[in-house]
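Chemist: Model the structure of this input:
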Amino acid sequence: MKLLQNCWSELLVFDHIFRQVHYGKEHSFLLVTGQEVDMSTVAMQAGSILNNLVLRAQELVLHFHSLQVDRQEFVCLKFLILFSL
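Modeler: Residues are numbered from 1 along each chain as shown. Okay, the predicted model is just below:
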């Protein structure tokens, strides 16, 4: 339980990135609820800090997509995140 308490935020971000890689649309997000959100909507309503985080997350999505990371590799990376602390 301590491991999960120490890295829950990293795992949530990684899960979001995994969802976006398999979602496949470059200019929108797929939320956990199944709702699609256009990136331009986020850019208009968010501050500079959130916009910076969104851009960095999209860069990670593009990198993972170009590497063709599959589900098993994502699970292995989750274990590395979990046990790295």
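
Chemist: Let me know whether Ala46 touches Asn52 as I believe.
Modeler: No. Taking Cβ atoms under 8 Å as the definition, Ala46 is not a contact partner of Asn52, at 9.4 Å. Just so you know, the C-beta spots here come from the backbone N, C-alpha and C atoms, and that holds for glycine as well.

Chemist: State which helix of this structure is the longest.
Modeler: Among the segments of the chain that qualify as a helix by DSSP state H, the longest is helix 2-23.

Chemist: Which element is encountered next along the chain beyond that helix?
Modeler: strand 28-30 (DSSP states H and E).

Chemist: what sits up against that next one?
Modeler: Outside strand 28-30, the residues within contact range by Cβ atoms under 8 Å, 6 or more residues apart in numbering are 19-20, 23, 36-39, 42.

Chemist: what about Lys78, is that helix, strand or coil?
Modeler: Following DSSP: H, G, I helix; E, B strand; the rest coil, Lys78 is assigned to helix.

Chemist: That one: what's it in contact with?
Modeler: Counting by Cβ under 8 Å, 6+ apart, Lys78 has contacts 11, 14-15.

Chemist: Which strand residues bridge the residue lying closest to Arg19 once chain neighbours are set aside?
Modeler: Spatial nearest neighbour of Arg19, excluding adjacent residues (Cβ to Cβ, 6 or more residues apart in numbering): Leu30 at 5.7 Å. Residues in a beta bridge with Leu30, per DSSP bridges, are Glu36.
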